[in-house]
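[1] My questions concern the predicted model and sequence given below.
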Amino acid sequence: MKRWPLRWKLALYAAALAVAATLAGAATTWMIILSIDAEIKQVNRIGWDILFAMLGAIPTVLIVIAIGGRWVARQALAPVEAITQAASRITVQNLNQRLPVPATADEIAELVTVLNTTLDRLQRSFEQSVRFSAEASHHLKTPISVLRAGIEEILTDPETPAKQQSRADALLHQIHQLTSIAENLLLLARADAGRLDLHRERFDLSEVLRGISEDASVMAEGEGLEVETKLPPELPVVADRRAVSLIVQNLLENAIKYNQPEGCICIYARAIDGETDVTVRNTGEPISSERALHIFERFYRGRSHARIAGQGLGLSIAWELAKAHGGRLELVRSDSEWTEFRFSLPRVRVEAAQPEAILA
């Protein structure tokens, strides 16, 4: 049921008080008149005249009180409305904004001052967290690169014994995972800071999806999975080609990892209602409704399989990249038949589009 605005509640309360005061005044007047020593008929006539006059004045009093009460309530709540609008505009991208402090030195002004102080602390903590993630990821790249080069040299050395080559190969696999984690953390740090570099350009999404599907088919073949595609001959879009490819690759990697033996993966794409939709669905164990609520959170894994490698960053990165494009990524369904994700891009005019770099 729709709640009444606070200003109307205050106006009604004021009107009710006015009616109560009017009736109380009428009763008091009536008792005073009865107490005087006068003729009964004259007393009755005077009393009824006063009562009728008061009853006739009640509607006018109510209207005046309601209008006046609403005006007073609006003036009293104006600072609260300004604070509400300002608070709704504060996001991750503009944490430097603050709530307007009313000129009146009252409780509301004191509360806003406390909230602004809290926002200052939150901004500092958030900036420190983003800076730490970015710097840590950046500084990890150099030692990881040195390690990778050293191990690759060991693997290519013909004098290296087979046993050591096997160990070096396992170490190289772990280093590749470390490299992926560092790059993913750096990308997420840039997303948090609103500094994702999107190089928008016109390209054929169907062509990109066909190339990604071929790579996925090679990976799926080793797992006994079938990859099915349904793509239009051409699907022009304006977006960051690398970012869009990364979104679809992450979806397909999950579709392969969390599939069932002899399962299936489907990749569909279409243009509909001013959007370009890419759908990736796979057979396999469904994601529970409780886990689905957190599926796009960082380091969260929708299905807890210790044997399946991963850091829980793929979907969160895909979600951030989709949001940076003004699109969305959503879990459409997950049941005993299919787990289906849909990536949507807003369609723009591709005829006049030129390559450009945009900070998202």
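    Nice, I can see it.

[2] just the strands in the stretch 101-250 of the chain please.
    With strands called from DSSP state E, counting those that start in this stretch, the stretch 101-250 of the chain shows them at 197-204, 226-230, 236-240.

[3] Pick the most buried one from those.
    Counting by mean count of other C-beta atoms under 10 Å, strand 236-240 has the highest mean neighbour count of the strands of the stretch 101-250 of the chain, with a mean of 23. Any C-beta I mention is one placed from the backbone N, CA and C, and that applies to glycine too.

[4] Parallel or antiparallel, list what pairs with that one.
    strand 197-204 (antiparallel) (DSSP bridges).

[5] Please determine how far residue 113 is located from residue 106.
    11 Å (C-beta to C-beta, to the nearest Å).

[6] what about those two, which has more around it?
    Between residue 113 and residue 106, counted using other C-beta atoms under 10 Å, the more crowded position is residue 113 (14 against 10).

[7] Please verify my assumption that that one contacts residue 102.
    No. Residue 113 lies out of contact with residue 102 (C-beta atoms under 8 Å); the separation is 10.0 Å.

[8] quick one: residue 344 is in a helix?
    No. Counting by DSSP: H, G, I helix; E, B strand; the rest coil, one finds residue 344 to be strand, located in no helix.

[9] Just the pLDDT for residue 62.
    Listed pLDDT for residue 62 reads 73.

[10] how would you label it: helix, strand or coil?
    helix.

[11] give me the number of residues near it?
    16.

[12] which residues in this protein form helices?
    Along the chain, the segments classed as helices by DSSP state H run 6-35, 40-88, 107-156, 162-192, 205-221, 241-257, 289-292, 314-324.

[13] Make TSV out of these and add distance to residue 332.
    TSV is the format used below for the helices of the chain (distance: least, C-beta to C-beta, whole Å):
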stretch	distance to residue 332
helix 6-35	40
helix 40-88	29
helix 107-156	31
helix 162-192	23
helix 205-221	18
helix 241-257	12
helix 289-292	11
helix 314-324	14
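
[14] Which of these comes out lowest on mean pLDDT?
    Lowest mean pLDDT within the helices of the chain: helix 6-35, a mean of 60.

[15] Which segments of the chain make up each domain?
    Domain assignment for the chain by automatic domain parsing gives 6-88, 198-359.

[16] Quick check: which of the strands of the stretch 101-250 of the chain is nearest to residue 213?
    Closest approach to residue 213 among the strands of the stretch 101-250 of the chain is made by strand 226-230 (4.9 Å; C-beta to C-beta).

[17] Tell me the strands beside that closest one, with direction?
    Strand 226-230 pairs in its sheet with strand 264-272 (parallel), by DSSP bridges.

[18] What are the contacting residues of the strand it pairs with?
    Under the criterion C-beta atoms under 8 Å, 6 or more residues apart in numbering, residues 205-206, 209, 213, 216, 220, 225-232, 235, 248, 252, 255-256, 259, 276-283, 338, 347 lie in contact with strand 264-272.

[19] And the buried ones among those, selectable in PyMOL?
    Filtering the contacts of strand 264-272 down to the buried ones (16 or more other C-beta atoms under 10 Å) takes a single PyMOL command:
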select buried, resi 205+206+209+213+216+220+225+227+229+231+235+248+252+255+256+259+276+278+279+280+281+282+283+347
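
[20] Which one, of the helices of the chain, ends up nearest to residue 96?
    helix 107-156 (6.6 Å).

[21] between that closest one and helix 162-192, how many degrees?
    Going by axes from the mean of the first three to the mean of the last three C-alpha atoms, to 10 degrees, helix 107-156 is angled at 160 degrees with respect to helix 162-192.

[22] distance of residue 183 from residue 140?
    10 Å.

[23] And residue 219, by the same measure?
    Counting by C-beta to C-beta, the gap from residue 219 to residue 140 is 27 Å.

[24] cool, residue 159 as well?
    31 Å.

[25] The two: who's more crowded?
    Looking at residue 159 and residue 140 with other C-beta under 10 Å, you find the greater number of neighbours at residue 140, namely 17 against 5.

[26] for that one, what are its contacts?
    Neighbouring residues of residue 140 by C-beta under 8 Å, 6+ apart: 178, 182.

[27] Nearest the geometric middle of this structure, what residue?
    Centroid-nearest residue in the chain, with C-alpha atoms, centre = their mean: residue 323, separated by 9.0 Å.

[28] any idea how far residue 231 is from residue 209?
    With distances taken as C-beta to C-beta, residue 209 is found 6 Å from residue 231.
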